[in-house]
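Peer 1: With the input below, show me the fold.
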Amino acid sequence: MPIQDLPPKHCYDLREADPSLVHLDVRTPGEFAQGHPQGALNVPILFRGPEGMRENPEFLRVAKALCLDPARRVILSCAMGGRSRRAAQALESAGYANLVNMRGGYSGARAADGSLSEQGWSGLGLPANQDPGERSWEALSARA
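Peer 2: As a prediction, this is how the structure comes out:
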C-alpha cells in the first residue's frame, strides 16, 4: 500500500477511531517540547546541530521498537509534512506497509511565497500537549 498523505483532521479522526494506532512525531526534541499532538511519540528523523540538520542514526531502531507490527497503521508528523514524508519512506523501505504522512504537520504547510497553504494540527485547535514526559525522545530511546 502506498504512503497516504492525509490532513491533520483526518489523522485525528483515525486516531479517535483506533486508539491502538501509533503516531510518531519526527520533529526535533526541542520542537516536540514546544507543542505536539496529544498522544504522539517523539522519534526525530533529524537532529539540529551546529552544522545544521543531521540524520538520527537511531531513528529506525527506535521506530521499529515502538511499532513492532509492520502491518500496524502508523501516522508520521513533523512541522509541515516534509520530514514526516522522509520518515515514512524510511519505514516503508524497512517493510512497513500502512503508513500515513500527516500533510501540513503540526504548524501548517507553506506556499512558495510563505503564506499558509494548509492548516496544521495546532492551527486547527486539535488536542496538543507541551509536556514531553515519557513520550520524549530521551525517554523512548532509553527504553527501546
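Peer 1: Ignoring the adjacent residues along the chain, who's closest to residue 141?
Peer 2: Distance criterion C-beta to C-beta, 6 or more residues apart in numbering; nearest residue to residue 141, sequence neighbours excluded, is residue 62 at 5.4 Å. From N, CA and C alone the C-beta is placed, and that goes for glycine too.
Peer 1: From residue 77, how far off is that neighbour?
Peer 2: From residue 62 over to residue 77 the distance is 16 Å, taken as C-beta to C-beta, to the nearest Å.
Peer 1: buried sites along the lengthiest helix in the chain?
Peer 2: As assigned by DSSP state H, the longest helix anywhere in the chain is helix 82-93. Under the neighbour-count criterion of 16 or more other C-beta atoms under 10 Å, helix 82-93 has 83-88, 90-92 buried.
Peer 1: and it, what does it pack onto?
Peer 2: Counting contacts by 3 or more C-beta pairs under 8 Å, 6 or more residues apart in numbering; DSSP states H and E, helix 82-93 is packed against helix 59-66, strand 74-77, strand 99-102.
Peer 1: picking that back up, looking at the buried residues of helix 82-93, spot the one nearest residue 124.
Peer 2: Nearest to residue 124 among the buried residues of helix 82-93: residue 84, at 16.3 Å, using C-beta to C-beta.
Peer 1: hang on, the earlier thing: can you dump the C-alpha coordinates of the longest helix of the chain into PDB?
Peer 2: Output of helix 82-93 as PDB, limited to C-alpha atoms (Å, rounded to 0.1, in the frame of the first residue of the first chain):
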ATOM      1  CA  GLY A  82       8.400  17.100   4.600                       C
ATOM      2  CA  ARG A  83      10.400  15.300   7.400                       C
ATOM      3  CA  SER A  84       7.400  13.000   8.100                       C
ATOM      4  CA  ARG A  85       7.300  12.100   4.400                       C
ATOM      5  CA  ARG A  86      11.000  11.200   4.600                       C
ATOM      6  CA  ALA A  87      10.400   9.200   7.800                       C
ATOM      7  CA  ALA A  88       7.500   7.300   6.100                       C
ATOM      8  CA  GLN A  89       9.700   6.400   3.200                       C
ATOM      9  CA  ALA A  90      12.400   5.100   5.600                       C
ATOM     10  CA  LEU A  91       9.800   2.900   7.400                       C
ATOM     11  CA  GLU A  92       8.400   1.800   4.000                       C
ATOM     12  CA  SER A  93      11.900   0.700   3.000                       C
END
